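Asks: sequence-free structure coming up:
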């Protein structure tokens, strides 16, 4: 059964529901036919932040892709305006609670 949508690997409108209900790309040369199912199978709903010695990267929750919220991420603005790191270098789940960001270490 065809799926209305586009393969995130750039293959186009090539998605279908495969065996077991998994959405897969049907393009013969797709570099990752299971990309959609892999994305949908990720249960993380918070930001994952990798804090370096002098920089940071953020894996944004998928919900920030809706309504272009990704371009106005409050966590990115918060981190960019800090003088230094909020926590030691590492990988963290960032959750806003009571108006403040909390950082919980997560496995690499």
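Replies: Structure's in. What do you need? From a predicted model like this one, the values you see are computed outputs, not experimental measurements.

Asks: Report all helices and strands that the longest strand along the chain contacts.
Replies: Secondary structure of the chain per DSSP state E: the longest strand is strand 90-97. Here strand 90-97 touches strand 47-51, helix 74-80, strand 100-105, going by 3 or more C-beta pairs under 8 Å, 6 or more residues apart in numbering; DSSP states H and E. To be clear about C-beta, it is placed using only N, CA and C from the backbone, and glycine gets the same treatment.

Asks: Quick one, which of these gets closest to residue 91.
Replies: Among these, the nearest to residue 91 by C-beta to C-beta is strand 47-51 (5.1 Å).

Asks: In that closest one, which residues are buried?
Replies: 47, 49, 51 (16 or more other C-beta atoms under 10 Å).

Asks: Also stretch 14-33?
Replies: 14, 15, 18, 23, 24, 25, 27, 30, 33.

Asks: same thing with stretch 57-67?
Replies: So for stretch 57-67, counting by 16+ other C-beta under 10 Å, buried means 58, 60, 61, 64.
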